[in-house]
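Visitor: Here's a sequence, model it:
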Amino acid sequence: MHITALERKVLLAAGAAAGMAAVFSAPLSAVLLAVELLLFEFHSRSLLPVIIATVAATSSRFLLLGSEPVFAMFTVVVPSTAAILFYVLLGVLLGGASVVVTRGLYWIEDGFERLPLHWMWWPALGGLAVGLVGYWVSQTMGVGYDLISDIINGNLALSALALLGFAKWLSWSIALGSGTSGGTLAPLFIIGGSLGGGLAIWLVGVFPQWGVSPELAGLVGMAAMFAGSSRALLTAIVFALEVTHQPNSLLPLLGGCGLAYLTSSLFMRTTIMTEKISRRGVTVPDQYSADPLDQVNVASVYSQDVVSLRDEQRVAEVRDWLSGNMASTHHQGFPVIDAHGYLQGVVTRRDIWRLDILGDALVADLIRRPPIVIAAGSTLRQAADQMVRMGVGRLVVVVPSASNVVRGVITRSDIIKAHSRSVSSKEDRSRHIRWPDSREKS
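Guide: Coordinates of the predicted model:
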């Protein structure tokens, strides 16, 4: 089967979302995760396969394991105004902590690269560090789902939370920094939950009248740490709701995760998911935006001053004309029309000056493939896609009819200029136009 780059991306997102939905019984947050971190588009061609995959995965989990929440916790009561203020401020703190966690992870990774050892020894050193930390704090070993339940149910004291959060951060950062494969979701939850729950326990001892819940603070800390580190804001909020089935936690989650996201964005350009990709020189989208090329028609951009060649002209005549170096000869490609003005194809300067073509040959003999055209009512996005698919730098604009009457020509330069005019901010003007993958189909 021929799979395009877009289809591979959709399959990847559908599989990842289905896996998350099956493990955590969280179909909606799995779909949001695919949108926010993998697809970065809200389009039916990619969204529907992901939805179908998550529904199938979650239904299978219901059949095998039931529909109980993965991390059951006590019933959350509606928080007071003072408590909500604390959860919002907790989000600011967790946003800063997410920056520290992310930069610390890549600082450790850079440290391994500076070691005078072959890279194959790095995971061994990482495993040794994980083992030492685990010998010190045995709870850091394993996946950690039981620790998440303990945090959001208030089963750990302040000292235990502080020790657990620091030890888990240390062992997990060294493990990933050494090049060992590992997850990010559960470790970030444990680190964020320990910090949130610990701060709430301290605050309850100082200001008990505020009505702060250490259990709910642990849940907010988990979601806020993930939101700040990954910038998957909606995923973090909905995930915390789906795995606990506690709707009264929505307002604290919105405030805490939102402020964590904002704080992280102010101090860190990339995320824990995209830093390594960014270091490889790959541009990762960081916001949803409308494609300017989808909002401009070819009719408003293409050049109507077309310099065409006749199919019965001799090559020698055309070469003499090009040698005259007039303004009309500076184009790189020329539409070829017949005696009735209908398009036959396109020839380039390279075609005309080919050494194996004799001067008495006809221009029609230089045409190597059917003409590549586009209608004037098409968008510039469609024109750019067409150029990439066909490997050309220009398209002939035609009247959409069987005769293909030539109306003009549009080039890559025309699209780039139109893109520059259509965006308003300096930041947008500095971005490259997204030319599609040449392996994608229409």
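
Visitor: Apart from its chain neighbours, what residue comes closest to L254?
Guide: Spatial nearest neighbour of L254, chain neighbours left out: I237 (6.2 Å); criterion: C-beta to C-beta, 6 or more residues apart in numbering. The way it works is simple: take the backbone N, C-alpha and C, and place the C-beta from them, glycine included.

Visitor: Please verify my assumption that the one you found contacts L253.
Guide: Yes: in terms of C-beta atoms under 8 Å, I237 counts as a neighbour of L253; the distance is 4.8 Å.

Visitor: a helix runs through the residue nearest to L254, doesn't it?
Guide: Yes: checked against DSSP: H, G, I helix; E, B strand; the rest coil, I237 lies within a helix.

Visitor: What distance do you get for it to N153?
Guide: Here the distance between I237 and N153 works out to 20 Å (C-beta to C-beta, to the nearest Å).

Visitor: neighbour-wise, which of the two wins?
Guide: I237 (25 against 15; other C-beta atoms under 10 Å).

Visitor: Check the secondary structure at V406 for me.
Guide: Three states are possible here, and by three-state DSSP the one that applies to V406 is strand.

Visitor: quick revisit: can you pull the residues that touch both of I237 and L253?
Guide: With contacts taken as C-beta atoms under 8 Å, 6 or more residues apart in numbering, the residues that reach both I237 and L253 are A223.

Visitor: Identify the residue nearest E242 in space, chain neighbours excluded?
Guide: Among residues not flanking E242 along the chain, A26 sits closest, at 3.9 Å (C-beta to C-beta, 6+ apart).

Visitor: What pLDDT is listed against that neighbour?
Guide: Confidence per residue is given as pLDDT, and for A26 that number is 92.

Visitor: so it sits right up against H245, yeah?
Guide: No: assessed by C-beta under 8 Å, A26 is found out of contact with H245, at 10.6 Å.

Visitor: Of the two, give the one with the bigger neighbour count.
Guide: For A26 versus H245, neighbours defined as other C-beta under 10 Å are more numerous around A26 (26 against 17).

Visitor: show me the contacts for that one.
Guide: Shown here is A26, whose contacts under the criterion C-beta under 8 Å, 6+ apart are M20, T58, V70, V238, F239, E242, V243.

Visitor: next SSE after the helix or strand containing the first one?
Guide: So that's M20. Assessed by DSSP states H and E, M20 sits inside helix 5-24. Where DSSP H and E defines the elements, the next helix or strand beyond helix 5-24 is helix 27-33.

Visitor: So which elements touch the helix or strand following that following helix?
Guide: Sequence-wise, the next helix or strand downstream of helix 27-33 (DSSP H and E) is helix 44-65. The elements that helix 44-65 packs onto, with contact taken as 3 or more C-beta pairs under 8 Å, 6 or more residues apart in numbering; DSSP states H and E, are helix 5-24, helix 27-33.

Visitor: nearest to V296, of those helices?
Guide: Among the helices and strands packed on helix 44-65, the nearest to V296 by C-beta to C-beta is helix 5-24 (22.6 Å).

Visitor: could you check the angle helix 44-65 makes with that closest one?
Guide: Angle, helix 5-24 to helix 44-65, by axes from the mean of the first three to the mean of the last three C-alpha atoms, to 10 degrees: 30 degrees.

Visitor: For helix 5-24, which helices and strands make contact with it?
Guide: For helix 5-24, the contact count by 3+ C-beta pairs under 8 Å, 6+ apart identifies helix 27-33, helix 44-65, helix 233-244 as packing neighbours.

Visitor: hey, C-alpha coordinates of it in PDB?
Guide: Output for helix 5-24, consisting of C-alpha atoms alone and laid out as PDB, is shown next (Å, rounded to 0.1, in the frame of the first residue of the first chain):
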ATOM      1  CA  ALA A   5       3.500  11.400   4.700                       C
ATOM      2  CA  LEU A   6       0.200  12.800   5.900                       C
ATOM      3  CA  GLU A   7      -1.300   9.300   6.200                       C
ATOM      4  CA  ARG A   8       1.700   8.100   8.200                       C
ATOM      5  CA  LYS A   9       1.300  11.000  10.600                       C
ATOM      6  CA  VAL A  10      -2.400  10.300  11.100                       C
ATOM      7  CA  LEU A  11      -1.700   6.600  11.700                       C
ATOM      8  CA  LEU A  12       0.900   7.500  14.300                       C
ATOM      9  CA  ALA A  13      -1.500   9.900  16.100                       C
ATOM     10  CA  ALA A  14      -4.300   7.400  16.000                       C
ATOM     11  CA  GLY A  15      -2.100   4.600  17.500                       C
ATOM     12  CA  ALA A  16      -0.700   6.900  20.200                       C
ATOM     13  CA  ALA A  17      -4.100   8.200  21.100                       C
ATOM     14  CA  ALA A  18      -5.700   4.700  21.200                       C
ATOM     15  CA  GLY A  19      -2.900   3.500  23.500                       C
ATOM     16  CA  MET A  20      -3.400   6.400  25.900                       C
ATOM     17  CA  ALA A  21      -7.100   5.900  25.900                       C
ATOM     18  CA  ALA A  22      -6.800   2.200  26.600                       C
ATOM     19  CA  VAL A  23      -4.400   2.600  29.500                       C
ATOM     20  CA  PHE A  24      -6.000   5.500  31.200                       C
END
